[in-house]
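[1] structural data only, the sequence is not supplied:
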């Protein structure tokens with residue numbers, strides 16, 4: 001079980017709750033949300049994408065509305081396994097399963 005590092009006071013709404021679920025995975029060592037910035041997009045839902053492999057894991061991008069936030073994962077998993085964890089912990093997918 002990993003830990004969630006909270007260095008910043010501002011986060012995209014709903015992101016911390018999602019990252020706590022990701023950090024609960026045994027293979028994840030550390031989850032660190034980083035810089036928050038504005039973009040031109042306007043997606044309504046919170047989306048988390050794997051973007052770059054780093055020395056210790058991966059960099060993810062969280063997007064919602066006009067905001068984008070970097071998230072760093074320290075893990076030995078590969079990209080496919082991380083995408084599976086993101087999909088399993090995705091709050092949107094939980095809602096769909098309950099309604100089915």
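    Received the coordinates, thanks. Predicted model only: the values in this text are computed from it and were never measured. Residues are numbered from 1 along each chain as shown.
[2] pLDDT weak spots in this protein?
    Scanning the chain for pLDDT under 70 picks out 93-100.
[3] next up, the contacts around residue 44.
    Residues in contact with residue 44 (CB atoms under 8 Å, 6 or more residues apart in numbering) are 64, 65. Glycine gets a C-beta too; all of them are placed from N, C-alpha and C.
[4] just confirm it is within a strand.
    Yes - assessed by DSSP: H, G, I helix; E, B strand; the rest coil, residue 44 belongs to a strand.
[5] from residue 19, how far off is it?
    Distance of residue 44 to residue 19, computed by CB to CB, to the nearest Å: 20 Å.
[6] just residue 78 next, same as before
    For residue 78 relative to residue 19 (CB to CB), the value is 20 Å.
[7] could you do residue 33 as well?
    6 Å.
[8] what touches both of those two?
    Contacts common to residue 33 and residue 19, judged by CB under 8 Å, 6+ apart, are residue 71.
[9] okay, those two: which has more neighbours?
    residue 19 (25 against 22; other CB atoms under 10 Å).
[10] on the three-state scheme, that one is what?
    helix.
[11] what's near enough to touch it?
    Per CB under 8 Å, 6+ apart, neighbours of residue 19: 4, 31, 33, 71.
[12] sketch out the helices for this protein, chain order is fine.
    In the chain, the helices defined using DSSP state H lie at 15-23, 79-89, 91-99.
[13] cheers, nothing more for now.
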